[in-house]
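A.B. asks: here is a sequence together with a model predicted from it:
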Amino acid sequence: MNRDIHCLLKSRSKAFKSGDTDLYKKARYDLRRSIKDAKRQYRTKLESQASHTDPRHLWQGLQDITGYKMKAYKIAGSKAPLSDELNAFYVRFEQEVSESMPPTLEALDVSGVTTADVKSKVNPQKASGPDGVPGRALRSCMDQLAEVFRDIFNLSLQQSEVPIYFKKTTIIPIPKKNQAACLNDNRLVALTSIIMKCFKRVAMA
């Protein structure tokens, strides 16, 4: 429903009340044509959003199609932002792991990463990580980037150290219940960069 359709609805109602058959037919025809054009424009808009490589535009398109509206929720009795509370609550696990299990790649038996290995391990279906680079973009440019990533992977394996940029993760809290009453009612989903996922597959192959 837009402004033009709203005006045409009023015009049709006036034509019907006037008793003029020809005027009513014209008003009804104009209304149908305007509704048809509005539907076509709306469909084109949704298709444009759904075909966009940016996940945000894709999700916006799905929300428009399904009529879904994100429900914002807040932990009961909480005054601090949810992001700060989640960070303070879950960071203790990272501290415990870093103190007891220092990251190392020495246990991996890797003879060397090849360009073919890098190309075959990039999954375009995976969600983007903190870098926001979609898998389809990496797959399309892999002929130009495979040698670069191969050198980075081999150097990382030789030094038994993962690049700091690869360790960055976007944490998404997913509520386990409709109404989250405490921080434990959230399930955390970690999104790493697709290059890091590729590195894991190559190293563990």
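C.D. replies: Received, thanks. Numbers count the residues shown, from 1 in each chain.

A.B. asks: list the buried ones in the helix or strand containing M196?
C.D. replies: Per DSSP states H and E, M196 falls inside helix 194-204. Within helix 194-204, the residues scored as buried using 16 or more other C-beta atoms under 10 Å are I194, I195, M196, K197, C198, F199, V202, A203. For every residue, glycine as well, the C-beta is placed using N, CA and C.

A.B. asks: what residues are up against L31?
C.D. replies: I5, L8, L9, S11, R12 (C-beta atoms under 8 Å, 6 or more residues apart in numbering).

A.B. asks: need the buried residues of helix 194-204 in TSV with distance to E147 and pLDDT, can you?
C.D. replies: Formatted as TSV, these follow (distance: C-beta to C-beta, whole Å; pLDDT from 0 to 100):
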residue	distance to E147	pLDDT
I194	17	86
I195	14	84
M196	18	87
K197	19	85
C198	14	85
F199	15	84
V202	14	80
A203	18	78
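
A.B. asks: after the helix or strand hosting I171, next one along is what?
C.D. replies: Following DSSP H and E, one finds I171 within strand 169-175. For strand 169-175, the following helix or strand on the C-terminal side (DSSP H and E) is strand 186-192.

A.B. asks: how about that next one: buried residues?
C.D. replies: Quick answer for strand 186-192 (16+ other C-beta under 10 Å): N186, L191, T192.

A.B. asks: which elements pack onto that strand?
C.D. replies: Packing partners of strand 186-192 (3 or more C-beta pairs under 8 Å, 6 or more residues apart in numbering; DSSP states H and E): helix 82-100, strand 169-175.

A.B. asks: weakest of the ones you listed by average pLDDT?
C.D. replies: Mean pLDDT values for the helices and strands packed on strand 186-192 show the minimum at helix 82-100, a mean of 61.

A.B. asks: before we move on, back to that, closest one of the buried residues of strand 186-192 to K17?
C.D. replies: Lowest distance from K17 to the buried residues of strand 186-192 (C-beta to C-beta) belongs to N186, with 57.8 Å.

A.B. asks: if I look at the closest residue to that closest one other than its chain neighbours, how far off is I194?
C.D. replies: Excluding its sequence neighbours, the residue lying closest to N186 (C-beta to C-beta, 6 or more residues apart in numbering) is P173, at 4.1 Å. Note on P173: its distance to I194, by C-beta to C-beta, to the nearest Å, is 21 Å.

A.B. asks: same deal with D20?
C.D. replies: D20 sits 64 Å away from I194 when distances are taken as C-beta to C-beta.

A.B. asks: what's the domain layout of the protein?
C.D. replies: 3-66, 82-204 (automatic domain parsing).

A.B. asks: nearest to K45, of the buried residues of strand 186-192?
C.D. replies: Among the buried residues of strand 186-192, and counting by C-beta to C-beta, the member closest to K45 is L191, at 27.7 Å.

A.B. asks: burial count for the nearest residue to the closest one once chain neighbours are set aside?
C.D. replies: Leaving aside its chain neighbours, L191 sits nearest to T170 (4.4 Å; criterion: C-beta to C-beta, 6+ apart). The number of residues packed near T170 is 15, by other C-beta atoms under 10 Å.
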